[in-house]
Structure formats: C-alpha cells, structure tokens
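Engineer: Got a predicted structure here, sequence first:
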2 protein chains.
Amino acid sequence: MARGKEATKEVEWRIKVEDDTLKSKVVGCMWAVTAGLALKLCKFVKKAWELGVNDPRKFIHCLKVGIALSAVSLFYYWKPLYDGVGGNAMWAVMTVVVVFEYTAGATIYKTVNRMCGTSLAGFLGIGVHWVASRAGEQFEPIIVGVSLFLLASAATFSRFIPTIKARFDYGAMIFILTFCLVSISGYRVDELLVMAQYRMFTIIIGSILCIIVSLVIRPIWAGFELFVLVTGNLDKLANSLQCCVAQYFDGSETPDEDSDKQLLGYKCVLSSKATEESMANLARWEPSHGRFNFRHPWRQYVKIGASMRSCASCLDALIGCINSDNKASDEMKKNMKSISMKVGADCASVIREVANTMRKMRKSSKLDIRVTEMNSAAEELRSLLSCYPNTVNTPSHNAKCSTQTETAPSDIPLAAKVEISLMQIVQVVTVASLLIEIVARVEGIVEAVEELSDLANFQPEMCVKSKQHSPDSKISPDQQNDEETDRTLQMV
Amino acid sequence: MARGKEATKEVEWRIKVEDDTLKSKVVGCMWAVTAGLALKLCKFVKKAWELGVNDPRKFIHCLKVGIALSAVSLFYYWKPLYDGVGGNAMWAVMTVVVVFEYTAGATIYKTVNRMCGTSLAGFLGIGVHWVASRAGEQFEPIIVGVSLFLLASAATFSRFIPTIKARFDYGAMIFILTFCLVSISGYRVDELLVMAQYRMFTIIIGSILCIIVSLVIRPIWAGFELFVLVTGNLDKLANSLQCCVAQYFDGSETPDEDSDKQLLGYKCVLSSKATEESMANLARWEPSHGRFNFRHPWRQYVKIGASMRSCASCLDALIGCINSDNKASDEMKKNMKSISMKVGADCASVIREVANTMRKMRKSSKLDIRVTEMNSAAEELRSLLSCYPNTVNTPSHNAKCSTQTETAPSDIPLAAKVEISLMQIVQVVTVASLLIEIVARVEGIVEAVEELSDLANFQPEMCVKSKQHSPDSKISPDQQNDEETDRTLQMV
C-alpha cells in the first residue's frame, strides 16, 4: 500500500511537473506572440508618425476633424440646441463626418453636393409622397416603389456620365439616399414635412461648420496643391533632364545617391496624372485664395501636366538607351559632348523659366530668349550631326557647317582621322536625336504655359518690376511655402 | 374733349400694341430659351443613351440598384418587417444606397468595411458611454468629448497611411461616424444597447442584400475587368508597335483612319495606371470567380501594367521621332526595312503571345521561341547597324557580318555605292536603336507575365492540350466575354 501511495504521488508529481512545463511553455509562447505583435505595432506607429512629421498638415487636418466633431457634438450636449433641431442632431454629426475632407475644394464640393442633392430629392420625395397618399392606401406603395425604382436607376446612371461624375457624383448619391428616405419614410412617419425641414436644417448647420473649420484653420487648397505639384514636377523634369545628359557625357564620375535621386525625378511626372485630374476637379469649387481667382483656369494645369508627361516619356526612352549595353565610342561622345550638354542645359533652363513664370504669375521676358537659345542649340546639334560624317568622307564639306559652335570644329578634325563604325556612334546619334525630340516637346510645355498665362491674364514682368521693391503680400505665401512644397511632393 | 378722348384712345391703343409686341417678344424669347434648353437636354440624353448602349452593363447596374432599393424598401411597407427591426429600417436603406457599387469587389469591400467599422466603433462607443455614465453627470460630456476628439483624430490620421487607405479607408470613416453617433447619442437616448443592436442588425441586412444582388444578377468582377483591361492593353500595344514600324517603312501609303486608331492605341496603356491600381485593390476582396481563385495575384497585373507603360513610353518617343521634320533617306530606309519590320512584328507577336498566355492561363510553349526570335532579330538589326558604314569605308569588313539576314546583303552593296551623310541616317538609326530598346522592354513585360504564371500556378500548355477536346466550362466565360471585352476597352 505504502509503495502504491508512493507511486501515485510520483505520478502526481510528474503530472504536476509536466503541467507546469506546459503552462510555462504556453505562457512563454503567448509572451512571444504579444511581444511580436507589440513590436510590429511599434514599427507601424513609428512609420505612421514619420508620415505625419514629414507633412505636419496631416496632423493639422486630424485636429481640424476633431475640432469640427467636438463642435457639432454640442448639439447633443447643450439642451437648447438639441431641442432646437428637434432631436435631429444626428444628421449634423453625420454631415461633418462624411463631408469633411483634406482639401478645402473637396469639402466645398461635398457640402454643395450634399445640400443640393438633399434639397432637390427632398422636394421630389415630398411631392411623390403627396401624390401617392392621395391615390389610396392600396396604390401608395406601388406609386412610391415605381418612382423610387425609376429615379434611383436614372440617378445611378447619371453617375456614369463623365461631366456629371466629375462634378456631381456625390450629389447624385445623396439624391438617391434622400429621395429613398423621404419617399419611403412618408409611409411610416406622420410629420414628414417637419422631419424633412429639421434634417435639411441640421445638414446645413453641419455643412457650414465644416466649411468654416476647413477654410479658417490653416486651409489646404486643392488649387494650391495642384499648382505646387505641377511647378515642382517641372523642376524635377528639368533636373532629371540635365542630370541625365550630364551623367552620360561626363560618364567618368560615379553617380552618387543624390544625383540618382535627381535623375529619377521624372518618374513623379509620369505617375501624377490621376492626382492632377482630381485636384483640378476639386480646385474649381474653391473661392479666390492667395493669388488665385475663383475662376482660375485649373484645367490648363492638367494640359501642362500632359505635355510634361509627353516630355518625360521621351526622357524615359533616352535614359533607357543610355543604360543599354551598346556603348558609344569615347571619341564620338567627346565631339558631341559640349553641344549636347548645352541642349540639355538649355532645355532645363527653359523648363525652369516656365516654372518661374507660373510661380511669379507673370509673363517672363526671358522665356522667349531661352526658347530661342534652346532651339538654336538644337539646330547646332542637328547641323553637327549632318556635318559629321561628311568631314570623314569629304573634308571639303566643312564649309557647310556654318552654325557650328566654337568648340566643335577643333574636335572634328580629330574625329575625322579615326575610322568610325556606325555601331560606335549609334548610341550618341540616338541620344542626340532624342534630345532634339525632347526640345520639340519642351516647346509643347512652353505653349501650354503660354496658354495658361493668356487664360489667367498674367501681367508682363516689366510692368510689375517696379512694384517688387514694396513688400508684396501676394508673393510671400509662395516663398513661405517652399518647404511645404517639398513635403507635398514627397507625399505624391 | 372729343379730340382729347381720341388722343387718349390712341395712346391706349399704342400702349396696347406696344404691350402686345412686348408680350409676344417675351413669349418668343421664352420659347427660344425653352427650345434651346430642350435641344441641349435632348443632345445630353442622346449622349448618355449612347454611353449605355455601348456598354449595356451600365444599364444592368442601374436596374440592379433599383431592385436592391425596392427590395430593401419592403422593410417599410411590410408591417411585420418594419416592426421586426424596431423602426430602424432607415439604416438598411442607407446601407444599400451607400454600399452598392459597380463592381462586386467594390461592393464587398464597402460592406465588409461598413460592418467591421460599425461593430468595432459600436463596442468602443458603448464602452466609452458606460465609463462616462459612471463618472457623474458633470464629467460625462468631458470624457465622451475627449475620447471622441482623440479617436476621431486618430482614425482620420489612419486614413493617410497607404496600407490602410488601400483596404480600410471606408471602414475608418464608418468607424468615426458610428463612434460619434453611439457615444454622443448615449447622452440623449435611453436604450442605447437596443438601438445599437437594431442598427447593427439592419446594416447587416442591407449589406447582405447588396452582396446577393451584386453577385447573383450578372456580377461585374473588378478582377475580370482588370484582366480584360491588361490583356486588351497588351493587344493595343502590339498593334500600335507593329503599325508604327510598318507605317514608317512603308511610308508611301497614306494612313487611313483605322490604322491611325490602331497607331494611337498605346495611349490607353499610358493612361490606365490609376484604373489598374484601383481595380487591383478591389479585386482582392472578390471570391473565386470564373477561372480566378480567391487569392489570385492581382498585384502582379499592376506590375505588368507598369512594364507595359515603360514600353509604351519608348514607343511614344519612337513615334515622336518618326513624326519629326528630319526625314531619312529612302535608300537607308530600304536597307533597314525588312529587318526593322521583322523586329517590330516579332515584338508584336511576343506581346500577343504574352496576352494569349494570360488569356489561356497556361504557360505558353511558343513564348520562349518567340522571345528568342525577337532577340535574334534585334541582334540582326544591331549587326546590320554595325556593318553598315564599314561596308562604305572598308568593304573587306563584310566578313564580320555573319548574323545578317538573307535579304540584307543584297541591299548593302547598293548602299555602299552612295555617299551618305549622317543626317540622312539619323532618323533610321534612332528608330533602330529605339526598336532595340523596345525589345529590351518587351522582355520586361515577358518577365512580369512569367512571374504571374508562377504566382498563379499556370499549367504548361502541353498538359492541358489533351483536355481541350472536352467542353471545358472554365474556358468558355472568356470566349463568351470577347464582345464584352471590347466594350470595356471602349469604356476605359
């Protein structure tokens, strides 16, 4: 018996020990999982925090949402206000949550759409309800149901039409929503008119609150964002272009990270179409702000963006050709170097001048000169190409090269001595002719910007120059916002 | 007196006449305005109608919305149902209006987000309300207000984080909305838990209804749309490429409208980035449909799109160079014609084969051969370039040209007789080297599609060939949908 008891004890002890190890294992496992999750969460929060630090306006937007919601919640907390809207405060809260957007343009677009959609659908709904209620109890659901089906289908279809989609997409949805609620509710709610009145009233209150908070506390204008995006992209394109040509012809230096970043700036240009279009759609709702009038030609910025993309895709092909295996002879590169780099630099300076025109909102006096310079550099490049092999085959042809630069002729005799194969010059020729094509596309950008300057009535620079000495408040926002500009561009 | 009376009468008559002419003028004017408006409206309706006729699925979507709304309105009309949801039928209607989207993926995304956001915020809101109600009447608004401010700000900020924005943007908004309504309403509504329960219940009913209608009545899958868009764009790119090369080298024929349309097809490729990304985001929510599994690698389609765009931007540069003033000599063109056109056709056939691989969802046995063919054609083009001027300068070099085609050598001696200037060949050389660059980028597309075929476990074509005789239901949807495909592409 004693031995039996001992054995039982031993087993119990064993079970206990096993139980303990199991327990400690489970606990350890849970700790590990928790720690892992916490670590992941920490990383996520850190990343999110960095996102906000890089663009503090995001934090400000969040605070603005908090403020608007706190303000609208007073309609619940303050008894007189709550009673004043007949217990419909919910709609004000809902309006603020749904309507408050990052940019002022988006907020205005949504408030206007919400108010118009609600009132239009409200009237129609009440009308349908009135007709239906007079048709007898049997027909009421049928009339309401059919009208609901037809109007909802029609409104849904209208959202496919591009012009309506761009301006009234949200309004159409709200129209359907309100019409449903009003026309169907009428079947159960007795005081339909009073309810509709209160709802409309609360929606207006919510909308006005949103607009005030959005426009008063550090407003973020879609138009200004678009402006910053396009002008910033112009700079990036100019840098990429110049950097690419310089890297190719000064091939000796190893590209560092900074210049690599510059080189790839044009990728932003290629990928910003959707952002530009949505910004331009929202910007048209914004009132006059900064140096932009109410009817500033925002659509033109989309056109400028398109011309930039056309230029950037050519640059993309150029960079592709440069990175291909097929390398050019150093000799040929040397001959073309100075003029090609001049073309690259001239293109870049034209693009920068165009960006300056947009920033200053004044017709640049230098732009025409820069464009002429760029074109004559392109012409030189073209004539260098045309003279090149003739100097190999028939040196007497040199007389033809009248437009050549001063540096080129000294190189050509050297080149003439070497026997070149076409393969060795293919890359340089391609680079040169893509550069000439880029020049043509840069002219497209210039045209688009000139159209903008006509549409927006930019003043010639001369007229305004005298004013520049006085502190001009209309310019400062832009200068202040240089830093912000960088941040916005990182965001895109 | 009589004369006075007569004069008065005359004046009256004059006034009457003037009044009449004014009236008729006003009436005429109103008629003109009305007629003008009616005409505009007619045009608008006609345009909208055409939009629907071109893609009847839009009409079907509108009918689906109508059906869903009619179904959900039963919750008002049918007394037992109305009482069953405690008079909260409004939330079901609202859910249907807000959540029902064009594609099944978007509808599922919104329903899942709405349900998750609502339930999470509901629990949190009730928790906060419970804590606040125990803190005394004085502190209640403060606790609720502060938690509202913090949570709303945090949720708003989360919408800026890319991963959350792509998957839970709508959910975050609904979270804020529900949290506000629950936590604040608690201050005025007595039976908060009951209300929350009913609302959650009606939202679930509305969501399920939407999903059923969306998935059962001719569903439009975001994934399938993405698939059709990408494969269609591949075809367009192939056509553009082949058409562009053919037009350049067969320059004699005047381009007709049809070939012009084909030539510009690549523009669709350049502008479809945003559509592709949103489709890929929505497609991941969709269940298995047609030949696509639940976890089909939709992101890879975006990558394929990116590689296509890189190819298309090179083609854009090529077309730009072709259209420039600087024309090539016919002689040179003739020499390069056959091989360049072969490269163009080979690229196009590789792209088409890649599109076929995606359509059949089978690893193509011909793809490798096609790619090898394309590469060897590119190599031939390269070697033709490298041999070209050597034949001018040193005809003995001919031995080097071992990889040349059979047609080329017969042309070269002709060319060798003419003295060429570089200017005359610049364009052809550029076209050739851009074609070589395009070949490299087409390989990028091939790589992306091969990655897709690995990720999605495409079977080798051989294994499935034997099965092709049996009616395979998994293939038919694609064949059926060829017509739809065309329509979708017109839509984009």
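Structural biologist: Looks like it arrived, so ask away. Residues are numbered from 1 along each chain as shown, chains lettered A, B, ... in the order given.

Engineer: What's the separation between the spatially closest residue to A:D316 that is not a sequence neighbour and B:Y301?
Structural biologist: Closest residue to A:D316 apart from its sequence neighbours, by C-beta to C-beta, 6 or more residues apart in numbering or on different chains: B:S313 at 4.6 Å. All C-beta atoms are positioned from the backbone trio N, CA, C, and that covers glycine. Computed as C-beta to C-beta, to the nearest Å, the B:S313 to B:Y301 distance reads 19 Å.

Engineer: For A:N54, the count of nearby residues, please.
Structural biologist: A:N54 has 12 neighbours, counted by other C-beta atoms under 10 Å in any protein chain shown.

Engineer: For it, give me the pLDDT.
Structural biologist: pLDDT, A:N54: 89.

Engineer: do you know how far it is from A:F168?
Structural biologist: Distance of A:N54 to A:F168, given as C-beta to C-beta: 34 Å.

Engineer: Then A:I436?
Structural biologist: A:I436 is 45 Å from A:F168, where distance means C-beta to C-beta.

Engineer: wait, isn't A:V429 in contact with B:T430?
Structural biologist: Yes: proximity of A:V429 to B:T430 meets the contact threshold set by C-beta atoms under 8 Å, at 6.6 Å.

Engineer: Other residues contacting stretch A:305-319?
Structural biologist: With C-beta atoms under 8 Å, 6 or more residues apart in numbering or on different chains as the test, stretch A:305-319 has contacts from A:230, A:233-234, A:237, A:240-241, A:244, A:263, A:266-267, A:269-270, A:272-273, A:276, A:431, A:434-435, A:437-438, A:441-442, A:444-445, A:447-448, B:270, B:310, B:312-314, B:316-318, B:320, B:434, B:437.

Engineer: Try it again at 7 Å.
Structural biologist: A:230, A:233-234, A:237, A:240-241, A:244, A:266, A:269-270, A:272-273, A:276, A:431, A:434, A:437-438, A:441-442, A:444-445, A:448, B:310, B:313-314, B:316-317, B:320, B:434, B:437 (C-beta atoms under 7 Å, 6 or more residues apart in numbering or on different chains).

Engineer: Now do the same contact list for A:S207.
Structural biologist: A:T95, A:V99, A:T111, A:R114, A:M115.

Engineer: For those residues, give me CSV that also has neighbour count, secondary structure and distance to A:M358.
Structural biologist: Shown next, in CSV, are those (neighbours: other C-beta atoms under 10 Å in any protein chain shown; DSSP: H, G, I helix; E, B strand; the rest coil; distance: C-beta to C-beta, whole Å):
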residue, neighbour count, secondary structure, distance to A:M358
A:T95, 27, helix, 36
A:V99, 27, helix, 31
A:T111, 26, helix, 30
A:R114, 26, helix, 33
A:M115, 20, helix, 34
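
Engineer: which one among those gets closest to B:A172?
Structural biologist: Nearest to B:A172 among the contacts of A:S207 is A:V99, at 15.4 Å by C-beta to C-beta.

Engineer: wait, isn't the closest one in contact with A:K110?
Structural biologist: Yes: checked against C-beta atoms under 7 Å, the pair A:V99 and A:K110 is within contact range at 4.4 Å.

Engineer: The helix or strand containing A:Q262 packs against which elements?
Structural biologist: Under the criterion of DSSP states H and E, A:Q262 resides in helix A:257-263. Counting contacts by 3 or more C-beta pairs under 7 Å, 6 or more residues apart in numbering or on different chains; DSSP states H and E, helix A:257-263 packs against helix A:222-249.

Engineer: how far out from the middle of the chain is the helix it packs on?
Structural biologist: 14 Å (C-alpha atoms, centre = their mean, to the nearest Å).

Engineer: in that helix, what counts as buried?
Structural biologist: For helix A:222-249, burial by neighbour count (16 or more other C-beta atoms under 10 Å in any protein chain shown) applies to A:222-249.

Engineer: And for stretch A:83-93?
Structural biologist: Applying 16+ other C-beta under 10 Å to stretch A:83-93 flags A:G84, A:V85, A:N88, A:A89, A:M90, A:W91, A:A92, A:V93 as buried.

Engineer: And stretch A:358-373, by the same measure?
Structural biologist: Within stretch A:358-373, judged by 16+ other C-beta under 10 Å, the buried ones are A:M358, A:R359, A:K360, A:M361, A:R362, A:K363, A:S364, A:L367, A:R370, A:V371, A:E373.

Engineer: Now do the last one, the pLDDT please.
Structural biologist: What the model reports for A:E373 is a pLDDT of 90.

Engineer: Same question for the third one.
Structural biologist: According to the prediction, A:K360 has pLDDT 88.

Engineer: what's the spacing between it and A:H289?
Structural biologist: When A:K360 is compared with A:H289 (using C-beta to C-beta), they lie 17 Å apart.

Engineer: Repeat that for the first one.
Structural biologist: Applying C-beta to C-beta, one obtains 16 Å for the distance of A:M358 from A:H289.

Engineer: The second one too?
Structural biologist: When distances are taken as C-beta to C-beta, A:R359 and A:H289 turn out to be 16 Å apart.

Engineer: go on, the fourth one?
Structural biologist: Taking C-beta to C-beta as the measure, A:M361 and A:H289 are separated by 13 Å.

Engineer: go on, the fifth one?
Structural biologist: For A:R362, the distance to A:H289 equals 19 Å [C-beta to C-beta].

Engineer: And the strands in the stretch 251-400 of chain A?
Structural biologist: Assigned by DSSP state E, counting those that start in this stretch, the stretch 251-400 of chain A shows strands spanning A:362-363.

Engineer: Can you pull out the low-pLDDT segments for it?
Structural biologist: A:251-255, A:325-328, A:388-400 (pLDDT under 70).

Engineer: mind listing the helices for it?
Structural biologist: According to DSSP state H, counting those that start in this stretch, the stretch 251-400 of chain A carries its helices in the segments A:257-263, A:266-270, A:273-283, A:298-323, A:330-360, A:367-393.

Engineer: Other residues contacting the first one?
Structural biologist: This means helix A:257-263. Here helix A:257-263 has contacts from A:N239, A:S240, A:C243, A:C244, A:Q247, using C-beta under 7 Å, 6+ apart.
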